[in-house]
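1. below: sequence and its predicted model.
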Amino acid sequence: MSYRILIAEDDNDIVEILRLYLENEGFELVISRDGEEALNNFESTSVDMALIDIMMPKLNGYELIKKMRDVSNIPIIVMSAKNMDSDKILGLTLGADDYLTKPFNPLEVVARIKSQLRRFYDLNTNVQEESNNVITVGELVMDPSNLSVNKNGQEINLTPTEFKILALMMKTPGKIYTKMQIFENINGDYYESDDNTLMVHISKIRDKIEDDPKSPKYLKTVRGLGYKIEKH
C-alpha cells in the first residue's frame, strides 16, 4: 500500500530533502508551502498522515493541527526549529503524535514516519480482531471496536498514540512497562529523544482519565522502572 503524506513546510531546501528520501521509499507527497495551503490540501485530498512545520506563513503549525484534529485523527509529526520543552508540550497537547527538532537526519524522519504509520494502521487492523473485547478497569471502559474510552459514561477523547498506550496497559492491569517496552509494544521504534515525548503523552492521558492528575489512581509511575495501570 502506498501512503499519501501531507507536508506543510515553507523551507524549500527541507521540502526537497524530504521529497528525495520519502519518494524513494514509495510515499506519495502533497506539498504545501504555507498553513492555509496545507489546510486546503488537507480538506480536498485524502492523506494518511502529516508532517507539519510550526513557523509558517498565513497559518502556523499549531493552528493547523487544531483544525485538523477537529475532523481527523491521522498521525501528525511536528517539525520545528523551536526546541524548548514548552514548544514540544504544546504541539503534543494540541494532538501531534511526535515532534522532530530541526536540523534532523532525513533517515530518522523516514523511520519515524514508518513507525507512526505502523502504530496507527496496525492499531486499526487489530481493532477488527478485538472488536468484542471491551476492557474495563474501575470506572474506565475501553471499546477497541470504535477506539473509544469512557469514564462513568462520559467519552474521553484520546489521540491515536494516547489510545494505544492506554490500551496496552489496560489489557494488563498491574504490569509495569518500561519506556522502551511501551514504544516496542505499540509498534514503534525507540529513540532516546522519545523519553520526553512519552512523558508528555502520559501526562496528557492522566489529564483526561484521572480525577486528580497530580495524584493518579489509574496511571501510576513506578519510580525507576516505568508505568502501570493500577488494578481496580
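-> Nice, I can see it. Residues are numbered from 1 along each chain as shown.

2. excluding its backbone neighbours, what's nearest the residue nearest the centre of the chain?
-> With distances taken as C-alpha atoms, centre = their mean, the residue of the chain nearest its centroid is Asp97 (2.1 Å). Nearest in space to Asp97, with sequence neighbours left out and distances taken as C-beta to C-beta, 6 or more residues apart in numbering, is Thr161 at 4.6 Å. For every residue, glycine as well, the C-beta is placed using N, CA and C.

3. before we move on, which element is that neighbour in?
-> Element membership of Thr161 [criterion: DSSP states H and E] is helix 160-170.

4. what's the answer for Lys82, then?
-> Using DSSP H and E, Lys82 maps to neither a helix nor a strand.

5. burial check on Asp13, number of neighbours?
-> 8 (other C-beta atoms under 10 Å).

6. for the host helix or strand of it, what does the pLDDT average out to?
-> In the assignment (DSSP H and E), Asp13 maps to helix 12-24. Mean pLDDT, computed over helix 12-24, is 93.

7. repeat for stretch 141-155
-> Averaged over stretch 141-155, pLDDT sits at 84.

8. so for it, what gets flagged as buried?
-> Using 16 or more other C-beta atoms under 10 Å as the test for burial, stretch 141-155 gives 141-144, 147, 149, 151.

9. check these and tell me the two furthest apart.
-> Pro144 and Lys151 (16.3 Å; C-beta to C-beta).

10. thinking again about what came up before, got the contact list for the residue nearest to Asp97?
-> When contacts are counted by C-beta atoms under 8 Å, 6 or more residues apart in numbering, Thr161 touches 75, 97-98, 119, 186, 201.

11. among these, which one has the lowest pLDDT?
-> Out of the contacts of Thr161, that is Ile186, at 66.

12. which of the buried residues of stretch 141-155 sits closest to Glu37?
-> Of all the buried residues of stretch 141-155, Glu37 sits closest to Leu147, with 29.8 Å by C-beta to C-beta.

13. surely Ile113 meets Leu29?
-> No. In this structure, Ile113 is not within contact of Leu29 by C-beta atoms under 8 Å, at 11.1 Å.

14. sorry, back to before: using CSV, write out every CA atom in the helix holding Thr161.
-> Taking Å, rounded to 0.1, in the frame of the first residue of the first chain, the C-alpha atoms of helix 160-170 are listed here in CSV:
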residue,chain,number,x,y,z
PRO,A,160,-4.2,7.6,18.4
THR,A,161,-0.9,7.4,20.3
GLU,A,162,-2.6,8.0,23.7
PHE,A,163,-5.2,5.4,22.9
LYS,A,164,-2.7,2.8,22.1
ILE,A,165,-0.6,3.5,25.2
LEU,A,166,-3.6,3.3,27.4
ALA,A,167,-4.9,0.1,25.6
LEU,A,168,-1.6,-1.6,26.2
MET,A,169,-1.7,-1.0,29.9
MET,A,170,-5.4,-1.5,30.5
